[in-house]
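Q: Fold the following and give me the result.
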Amino acid sequence: PTHPPPRPPPPPLYPYTTLFRSALGGALTSALYVLDEPSVGLHPRDVARLLRVLQTIRDQGNTLVIVEHAPEIVSAADHLIDLGPGAGRRGGTLVAEGSVDEIRREPASITGRALAGELRPRRRRRRASGRSLRIVGAGANNLRDLSVEIPLDQLVVVTGVSGAGKSSLVRSVLVGQLQRDPDRGECERIEGAEQIEDVVLVDPTPPSRSLRSNPATVSKAFDGIRRQFAASDEARRRGLAPGWFSFNVPGGRCEKCEGTGERVVDMQFLEDLRVPCESCGGSRYREEARAIRLDGRSIVDVLALTIEEALVLFADDRGIVRRLLPFGRVGLGYLTLSQSIVTLSG
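A: Predicted coordinates for the structure are as follows:
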């Protein structure tokens with residue numbers, strides 16, 4: 001008997017090209033695929049394509065477990081597991097579990113409220129702007145003599161399907177030209193550039209790849225915290241300076257682990273194993289440093305505070321508050337001061 005030709009799979013989607021090609025091209029069944037936020041960075045059109053691919057893999061007799069926030073994918077799930085109710089220490093609880101309809105009816109589920117359409121953003125009137133930048137003749141990568149106007153004093157979004165040239169326009173042309181980077185900025189000119197005083201580029205690149213970096217250090221709030229410890233009666237009696245409370249230089253830090261709080265075990269061909277330092281118990285500090293108290297808390301206790309708790313504790317220190325407040329404003333107040341930056345997502 002003749003069989004109809006198999007349907008060609010949808011075009012593969014970066015960064016899961018290899019996975020999708022092998023999953024759709026083979027006859028693998030009873031497999032478990034685990035995907036961590038596969039829709040990140042995708043245009044809504046591509047999210048719909050991604051969903052069709054995922055459903056095809058499921059229909060072949062496989063199971064997909066997906067960590068996801070995109071409503072299009074969440075609402076298409078056969079079974080939802082909603083964790084929360086908040087982030088960090090306020091999370092870790094099973095809020096709801098079941099079908100999409102069951103989650104929608106669960107009043108304690110923020111996901112359910114979103115799926116039910118109760119959390120839609122309010123529309124705001126568009127702000128008027130009398131100033132603008134004009135990019136003329138952009139030609140970086142796949143841009144073709146593109147000219148576009150960007151109004152100032154507004155929230156401007158550059159959108160389009162994956163590979164359309166959004167990053168080339170913004171990062172290579174706009175930022176490159178304004179920063180006068182000789183390796184970027186491929187355009188004839190940018191009109192109105194004299195109106196811009198400074199350019200700040202924020203991208204998913206971690207601010208540091210060091211295990212020592214954490215919210216306290218990258219925000220420079222740790223400088224003020226160490227000064228407060230150095231100003232305590234016991235520290236002044238011992239003649240301890242703020243640097244003595246740093247875990248980056250010798251002083252009060254544990255020298256066994258050099259202030260990292262852990263020991264790295266080389267596992268040869270496997271990934272390195274990290275275990276708490278047996279000398280300081282993972283605290284990073286010697287016993288002498290842990291004995292100095294600030295309002296009853298040691299330096300280790302303070303570093304274990306969440307950013308929200310630290311904002312309350314140091315409310316009278318404007319310098320510390322000013323450094324930590326941005327974390328809270330963007331919803332990262334649940335992070336502890338000592339959480340390693342390398343453990344965070346982009």
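Q: ok, and for stretch 317-337, which residues are buried?
A: Residues 317, 320-321, 323-324, 327-328, 332-337 are the ones in stretch 317-337 that count as buried (16 or more other CB atoms under 10 Å). Just so you know, the C-beta spots here come from the backbone N, C-alpha and C atoms, and that holds for glycine as well.
Q: what's the most distant pair in these?
A: D317 and Y334 (21.1 Å; CB to CB).
Q: Could you measure from Y334 over to R49?
A: To R49, Y334 is 34 Å away according to CB to CB, to the nearest Å.
Q: following the helix or strand of the chain with the lowest mean pLDDT, which helix or strand comes up?
A: In the chain, the helix or strand scored least confidently by mean pLDDT, DSSP states H and E is helix 17-25, which has a mean of 66. Per DSSP states H and E, helix 17-25 leads on to strand 32-36 as the next helix or strand towards the C-terminus.
Q: Between strand 32-36 and the very next helix or strand once past that following strand, find me the angle.
A: Next helix or strand after strand 32-36 toward the C-terminus (DSSP H and E): helix 44-59. Comparing the axes of helix 44-59 and strand 32-36 via axes from the mean of the first three to the mean of the last three CA atoms, to 10 degrees yields an angle of 160 degrees.
Q: Now do the buried residues in helix 44-59.
A: Buried, per 16+ other CB under 10 Å, within helix 44-59: D46, V47, R49, L50, L51, V53, L54, T56, I57.
Q: any idea how far it is from the chain center?
A: Centre-to-centre, helix 44-59 and its host chain are 24 Å apart (CA atoms, centre = their mean, to the nearest Å).
Q: do the same with stretch 41-49
A: Using CA atoms, centre = their mean, the offset of stretch 41-49 from its chain centre is 20 Å.
Q: Only C-alpha atoms, please: export that stretch in CSV.
A: Taking Å, rounded to 0.1, in the frame of the first residue of the first chain, the C-alpha atoms of stretch 41-49 are listed here in CSV:
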residue,chain,number,x,y,z
GLY,A,41,13.0,36.3,23.0
LEU,A,42,10.5,35.0,20.4
HIS,A,43,8.1,37.2,18.5
PRO,A,44,4.4,36.3,19.0
ARG,A,45,4.3,34.8,15.6
ASP,A,46,7.2,32.5,16.5
VAL,A,47,5.6,31.6,19.8
ALA,A,48,2.6,30.2,17.9
ARG,A,49,5.0,28.2,15.7
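Q: For it, give the mean pLDDT please.
A: Regarding stretch 41-49, the rounded mean pLDDT is 86.
Q: for stretch 110-126, same thing?
A: pLDDT averaged over stretch 110-126 gives 86.
Q: Any chance you could list what contacts that stretch?
A: Around stretch 110-126, the neighbours that count as contacts under CB atoms under 8 Å, 6 or more residues apart in numbering are 71, 74-75, 80, 82, 84-85, 95-96, 100, 103-107.
Q: List just the nearest of those to N62.
A: Nearest to N62 among these, with distances taken as CB to CB, is L80, at 18.4 Å.
Q: For my notes, confirm V264 occurs in a strand.
A: Yes - per DSSP: H, G, I helix; E, B strand; the rest coil, V264 lies within a strand segment.
Q: so it touches R274, yeah?
A: Yes - using CB atoms under 8 Å, V264 makes contact with R274 at a distance of 5.7 Å.
Q: how about E308, what does it touch?
A: G328, G333, Y334.
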